[in-house]
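>>> only geometry, no sequence info:
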């Protein structure tokens, strides 16, 4: 299994399970038929910058680090400067075209950055359909994205 796929699976495990030790990661992954060592998981934890937070039932569990709005904004800006092709709006909907392979990351960052005004963001390989809460919000988003042209 590729590292990128393993990291995605670890992220899902964090959302579904109360993982308190590196050995828990190894056990859950082995249940899914993925052979990993504790050393590999240790490297993954470091690369993913996982943190330990208090668990509901006591002790501590692994968690994703909290992203700050600035981190999201900077990441979105860098990605759009490289991958942005065009943007258009129709009522509450905004369609953003990217270079193929970039739409998933853009969609994820848009939902984080603009969570107050975005109802949903749906993507394929090179397009993100953003549904804003109001037409005014959609127009604001369109104008925001035009800055990256």
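Nice, thanks for sending it over. Please read all numbers here as calculations on a predicted model, not as lab measurements.

>>> who are the packing partners of the helix or strand bottoming out on mean pLDDT in the chain?
Within the chain, judged by mean pLDDT, DSSP states H and E, the helix or strand with the poorest mean is helix 69-83; its value is a mean of 86. With contacts taken as 3 or more CB pairs under 8 Å, 6 or more residues apart in numbering; DSSP states H and E, helix 69-83 sits against helix 103-113. Glycine gets a C-beta too; all of them are placed from N, C-alpha and C.

>>> counting neighbours, which bits of the least confident helix or strand of the chain end up buried?
72, 75-76, 79-80, 83 (16 or more other CB atoms under 10 Å).

>>> mind checking pLDDT for the residue most central in space within the chain?
Nearest residue to the geometric centre of the chain (CA atoms, centre = their mean): residue 108, 4.6 Å. Residue 108 carries a pLDDT value of 92.

>>> what stretches of the protein score poorly on pLDDT?
67-70 (pLDDT under 70).

>>> can you show me the helices along it?
With helices called from DSSP state H, the chain shows them at 3-16, 22-31, 38-48, 69-83, 103-113, 135-146.

>>> tell me what angle the third one forms with helix 3-16.
Between helix 38-48 and helix 3-16, the angle formed by their directions is 80 degrees, by axes from the mean of the first three to the mean of the last three CA atoms, to 10 degrees.

>>> now helix 38-48: how far from the chain's centre is it?
19 Å (CA atoms, centre = their mean, to the nearest Å).

>>> can you check the fourth one too?
Relative to the mean C-alpha coordinate of its chain, helix 69-83 is positioned 12 Å out (CA atoms, centre = their mean).
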